[in-house]
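> predicted model, plus sequence, below.
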Amino acid sequence: MLNRAAFGGTPEEIEAARGKGLAKMVRELVDASATSPNPLAPAWAQPRNIRDIRMAIREEKNEPDGRKDKRREFRQMEGENILDLRRWWLSQMMVTPAPLMEKMTLFWHGHFATSVEKVQDGYWMWRQNDVLRRHALGNFATLTKEISRDPAMMIYLDLQQSRKEHPNENWARELMELFTVGIGHYSEEDIRESARAFTGYRVDMTTQQFRFAPRQADVGSKAFMGKTGNWSGDDIIDILMKQPACAQFLARKLWRFFAEDDPSAQIVDAVAARIREHNFEMRPVLSEIFSSKEFFSDAAMRTQIKSPVQYLIQTTKLLATDPPAAPVAQNAMRQMGQILFAPPNVKGWDGGKAWVSTSTLLFRYNFANYLINGDAMRPPADPSKPKGADLGFRRGPLLADIPRRDPIDVSKVIPQELRAKPAELVAHLSTRLFQAPAPDKEREAFLQYLKAREPDTGDVTMRGLLHLMMSTPQFQLA
Amino acid sequence: MLGAAASWTLPVFLERTFFTLDAMAADAATQTVTGKDGTILVVLQMAGGNDGLNMVVPFADDAYYRSRPKLGIPADQILKLDSYAGLNPKLAGLKSLFDEGHLSVIQGVGYPNPNRSHFRSTEIWQTASDADRNENEGWLGKYFDNCCAGADPTVGVAIGDQMPQAFVARTPTGVTFSKPEQFRWVPSEKRNGPMSAEETFFRQLNGVTDDDAAPPAANDGGSIAAIPGSTKANQSAADFLQRTALDAQLSSDKILAIARKTKSNMPYPPGQLAASLSLIARMIAGGLPTRVYYASQGGFDTHAGQLGTHDRLMTELNAALSAFVADLKEQGNFDRVLLMTFSEFGRRVAENANGGTDHGAAAPMFVLGGAVKAGLFGKYPSLSDLDHGDLKFNTDFRSVYGTILDRWLKAPSELVLGHKFSSLPLIG
């Protein structure tokens, strides 16, 4: 439960959760999300006058010596901001008293995928994250309307550039294809007509906020999904919510995110019915999902491949250690295929089996080594050693001085009395790491490893065992 | 493989699986279906929808300039291929290749009922399916399944972190990596000489797909969520992970060894695409038994401010391909390699109000290599007879796939693509 509805737990948290009972746990998870305030923004996350900054950069181009100090300075600052934003969010996931809220924020980030690669501004990315978190367990229609006015999204899907005479179709298309009803449930004509309804949406570059420009808005009559009227952008979203496909689409995505890769039509129908019943309010829907029999069925238990974010946070918690330094974490997330604030495209991350290739699987194994052993065991060609930070911009600042990482404190993970009892030790760790006893073949290999290290039961051997157990297909499943 | 490290006793069943593993590895090395001496295909994906009209420009058509007052490239800058069409001025290296007789340009490629969604259209190209059918397996995956059974996992190599859908197969085949130095497992304790206990057991844990040990099938309970009809026929995540772990282990030693011994003297330009092609060239030089390599270049979704962006992309493409070709020529492998480009769609004929272009349909493809017959194939689609503002295709992309399968990989295209598509005279 902790793994699937949250980000796993530390050894202490797992002990505390034991024996609470399902109903109480679900209530705590869902309620915490209702009462927990949004975390404080990073200090730099303040709106600026982008128009003036851009003007200064443009003027600099015309200067005779051709220097681009302002431009470089601006890019460097943005690179550092986005790095800090990634650190900030990962640490929220680690320490939050409301893990479900962070997990749903991550769900929405993949749903309303927006990348800093195009938006190029840390404040806007933070602002969107804040919107997603505020509505994480709230109403989907409200969230969708907020997102249609979200500067990061408006820039990402060119809504900012849409004009009455030339409505841009990018946002309108993805709103239907990826955010609400899914492909096959709208026509090209619906795209053209609804694109008109979102004209007049503007980002004010002096305040970095949304503004509505009535003179740019097409208030004329539009024929959308078989209905004709002077629809506004919000009207379009309301009409979409009433399409049967909308609840189906969201149901499928939610079940895929929380439970299993290939949900049956029946489970999608069942969840969609609950979504309609609750009028797209997420809190009661999630509560019912986590209390359902299907959520704990064989089809859904330990069949999901952990996302890289899940992998990083859950493993860090399991090892009762700290997340790696921000540049290391960022580089690792890139290698595992999930850079926060930079999804590969507007579809978000495909997830499931797409998380794993020969390349990302080996990286996960090696990254587990780094998390367990830190720099002490790091061979020279360690993959997690960043060659200057890749900040997701083409020219990011180089970051040196990555603090040394120490090996984990084994005593926090392995009870002292189990060290010399191989069978019990392996059983204990199997429950922790795999949420189930290890299959025979694996258990045998772990025991043989301990036997080969006999009589040593010191920290090095214990860390080797943890790494070995994490270097398995089983550990990738949640 | 085990060597002196086995100073402890292995139970019999472990020993057996080690031998099985060794046998499998040995088998793989002697496979006949390999790219060691045979022909090699390199697929280059231009992701995001490349503006075909500004890559192969119909400079003799006024309609082009009328539709593109801002984005039209002046006729005097075009690298002319015939009296009607020519290459983007940034593609000088490809023009030389064309003149040398090693580049064919296939015009107006697409498929019936074109889809203008990136994701759906990419899926159609990757699976070679009809627009109204959903398929999961990729066209190269079907080639691996049908024509490379039992081959080494490195029969398909994708450079990057995510395996392309084109590689998805019934029996997962092919490996994905971006940096060979990182494509290996590192034990906790650094050791020289004999393998550490940890490493030995790592190989054991990730080395064998033991059906007996596979977790129980997900749908034996009869709960609501497990009624047939979903795509459960596909492999479970656990099986998929086992197989991936095995492939990773079998191929990582080999790839690392090649990367260490094979260095390229050829200077490549900066950029992701050039790095990928350089790596592919090294793997080819080192004799990896790969038949299909896959690389990609992104950033083609130019809805706004296209001029500078597309110029940069064309420059990068030209420089990377020129270096790759020079490298292969120096190795003496140019005649064994055929490279094909594709993008999920072209872009709308008329530019939009933001100095960009929206999603379109038909577009040209490049096929290049030592054995390729140079020329312009297919017809340039009409700029006046459009489908919702987009070019109509006249060559089905599966004709290109089919030609490459039949004539280059010597694989029966009908088996892979499900139909026989008309062949093109691309290969000499």
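Structure's in. What do you need?
> okay, now the unreliable bits of chain B?
Across chain B, residues meeting the criterion (pLDDT under 70) sit at B:1-36, B:190-195, B:208-234.
> how about the helices in it?
Shown for chain B, the helices assigned by DSSP state H span residues B:12-29, B:62-67, B:92-100, B:118-127, B:139-147, B:197-207, B:237-261, B:272-285, B:306-331, B:397-403, B:413-417.
> ok, the stretch 151-300 of chain A next?
Using DSSP state H, counting those that start in this stretch, the helices assigned to the stretch 151-300 of chain A run over residues A:151-156, A:170-174, A:188-197, A:233-242, A:244-258, A:265-277, A:282-291.
> can you tell me the centre-most residue of chain B?
The centroid of chain B falls nearest to B:Tyr294 when counting by C-alpha atoms, centre = their mean (2.6 Å).
> I'd say that residue and B:Leu41 touch.
No - between B:Tyr294 and B:Leu41 no contact is recorded; they are 9.1 Å apart, counting by C-beta atoms under 8 Å. Glycine gets a C-beta too; all of them are placed from N, C-alpha and C.
> low pLDDT regions in chain A?
Residues of chain A that meet the criterion pLDDT under 70 lie in A:64-68, A:376-401.
> rewinding a little: can I get the helices of chain B in TSV with mean neighbour count and distance to A:Phe179?
Formatted as TSV, these follow (neighbours: other C-beta atoms under 10 Å in any protein chain shown; distance: least, C-beta to C-beta, whole Å):
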stretch	mean neighbour count	distance to A:Phe179
helix B:12-29	14	45
helix B:62-67	15	31
helix B:92-100	18	39
helix B:118-127	21	13
helix B:139-147	24	30
helix B:197-207	23	39
helix B:237-261	20	27
helix B:272-285	22	29
helix B:306-331	20	25
helix B:397-403	23	29
helix B:413-417	19	34
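> next, format these as a markdown table and append distance to B:Gly375.
Listed next are the helices of chain B as a markdown table, based on distance: least, C-beta to C-beta, whole Å:
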| stretch | distance to B:Gly375 |
| --- | --- |
| helix B:12-29 | 39 |
| helix B:62-67 | 22 |
| helix B:92-100 | 8 |
| helix B:118-127 | 23 |
| helix B:139-147 | 24 |
| helix B:197-207 | 49 |
| helix B:237-261 | 35 |
| helix B:272-285 | 24 |
| helix B:306-331 | 17 |
| helix B:397-403 | 13 |
| helix B:413-417 | 21 |
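> tell me the contacts of A:Ser33?
Residues counted as contacts of A:Ser33 (C-beta atoms under 8 Å, 6 or more residues apart in numbering or on different chains) are A:98, A:100-101, A:104, A:136-137, A:283.
> which residue is the nearest non-sequential neighbour of the residue in the stretch 301-428 of chain B that chain A sits nearest to?
For the stretch 301-428 of chain B, the residue closest to chain A is B:Ala353, as judged by C-beta to the nearest C-beta, at 3.5 Å. Once flanking residues are discounted, B:Ala353 sits nearest to A:His166: 3.5 Å by C-beta to C-beta, 6 or more residues apart in numbering or on different chains.
> could you report the neighbour count for the one you found?
13 (other C-beta atoms under 10 Å in any protein chain shown).
> so it touches B:Asn352, yeah?
Yes - A:His166 is within contact range of B:Asn352, at 6.3 Å (criterion: C-beta under 8 Å).
> would you mind measuring from the residue nearest to the centre of chain B to chain A?
Plainly put, B:Tyr294 is 12 Å away from chain A if you go by C-beta to the nearest C-beta, to the nearest Å.
> excluding covalently adjacent residues, which one is nearest to that residue?
Nearest to B:Tyr294 is B:Ala158, by C-beta to C-beta, 6+ apart, at 4.1 Å.
> using PDB, write out every CA atom in stretch B:411-428.
Extracted C-alpha coordinates of stretch B:411-428, given in PDB (Å, rounded to 0.1, in the frame of the first residue of the first chain):
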ATOM      1  CA  ALA B 411      13.800 -11.400 -45.800                       C
ATOM      2  CA  PRO B 412      10.400 -12.200 -47.200                       C
ATOM      3  CA  SER B 413       8.600  -8.900 -46.800                       C
ATOM      4  CA  GLU B 414       5.200 -10.500 -47.100                       C
ATOM      5  CA  LEU B 415       5.800 -12.400 -44.000                       C
ATOM      6  CA  VAL B 416       6.800  -9.400 -42.100                       C
ATOM      7  CA  LEU B 417       4.400  -6.800 -43.400                       C
ATOM      8  CA  GLY B 418       1.400  -9.100 -44.000                       C
ATOM      9  CA  HIS B 419       1.000  -8.000 -47.700                       C
ATOM     10  CA  LYS B 420       3.200  -7.700 -50.700                       C
ATOM     11  CA  PHE B 421       3.700  -4.000 -51.400                       C
ATOM     12  CA  SER B 422       5.000  -2.900 -54.800                       C
ATOM     13  CA  SER B 423       8.800  -2.800 -54.900                       C
ATOM     14  CA  LEU B 424      11.000   0.200 -55.700                       C
ATOM     15  CA  PRO B 425      14.200   0.100 -57.700                       C
ATOM     16  CA  LEU B 426      16.300   1.600 -54.900                       C
ATOM     17  CA  ILE B 427      18.900  -1.000 -54.500                       C
ATOM     18  CA  GLY B 428      21.500  -1.700 -57.300                       C
END
